[in-house]
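Undergrad: The following block contains a protein sequence and its predicted model.
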Amino acid sequence: MKIHHTKHHNTYITNLNASLEKLDAAVSAGDISAVINLQGALKFNGGGHLNHTLFWENLCPAESSQIKSDGELNDAVKASFGSYDELKAKFVPATVTVQGSGWGWLGYNKATGLLEVATCPNQDPLEATTGLVPIVGIDVWEHAYYKKYSNLRPDYVNAVWDIINWETAEKRLLAAK
């Protein structure tokens, strides 16, 4: 994870900052074509930065990774999936089967008041592309797990599931409501 954080995430930040500088120059010059041309770089690098920031906040020591039985997140999980085990039974396979690179998400749907499992390709940010507010996300780009798990994505996703910071997830849910 150290390489993932210091190299990969840092690259998204560096490239986002460069894209924002170019955007500022294009807007100042009134160059609409250049503004439009930057959309892909902004989405990819901005999404990479946003997604990774959420991801790091998602993690905690295994002994702290417990969903509170009397919390609003647990109530939302029960209302949306029936149980924590059912949530995991939907989340893990959806995340493992992301084709290529992307993210598995637990998101909050403001319209229905329910939690949903979703996936996004590449560095597409959940809320900007689906409208769901991110509660928990797992990065399934190979750069997230290749050093420790080789090509064993299911092992990686299950290992990360065991260190999800459910306290942070509950705070995100409360903020989204």
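TA: Cool, the structure landed.

Undergrad: hang on, residue 115 is in a helix, isn't it?
TA: No. For residue 115, which was evaluated using DSSP: H, G, I helix; E, B strand; the rest coil, the result is strand, with no helix membership.

Undergrad: That one bridge partners, please.
TA: Beta-bridge partners for residue 115, by DSSP bridges, are residue 108.

Undergrad: contacting residues around it?
TA: Taking CB atoms under 8 Å, 6 or more residues apart in numbering, we find residue 115 in contact with 76, 77, 79, 80, 81, 87, 106, 107, 108, 109, 135, 173. The C-beta positions use only the backbone N, C-alpha and C, and glycine is treated the same way.

Undergrad: how near is it to residue 168?
TA: Counting by CB to CB, to the nearest Å, the gap from residue 115 to residue 168 is 15 Å.

Undergrad: tell me the helices in this protein, going along the chain?
TA: In the chain, the segments counted as helices under DSSP state H are 2-3, 10-29, 32-37, 39-58, 72-81, 84-96, 126-130, 146-149, 153-161, 166-176.

Undergrad: in the protein, what spans have low per-residue confidence?
TA: The chain contains residues with pLDDT under 70 at 1-8, 143-144, 146-147.

Undergrad: Nearest the geometric middle of it, what residue?
TA: For the chain, the residue sitting closest to the mean C-alpha position, by CA atoms, centre = their mean, is residue 137 at 3.4 Å.
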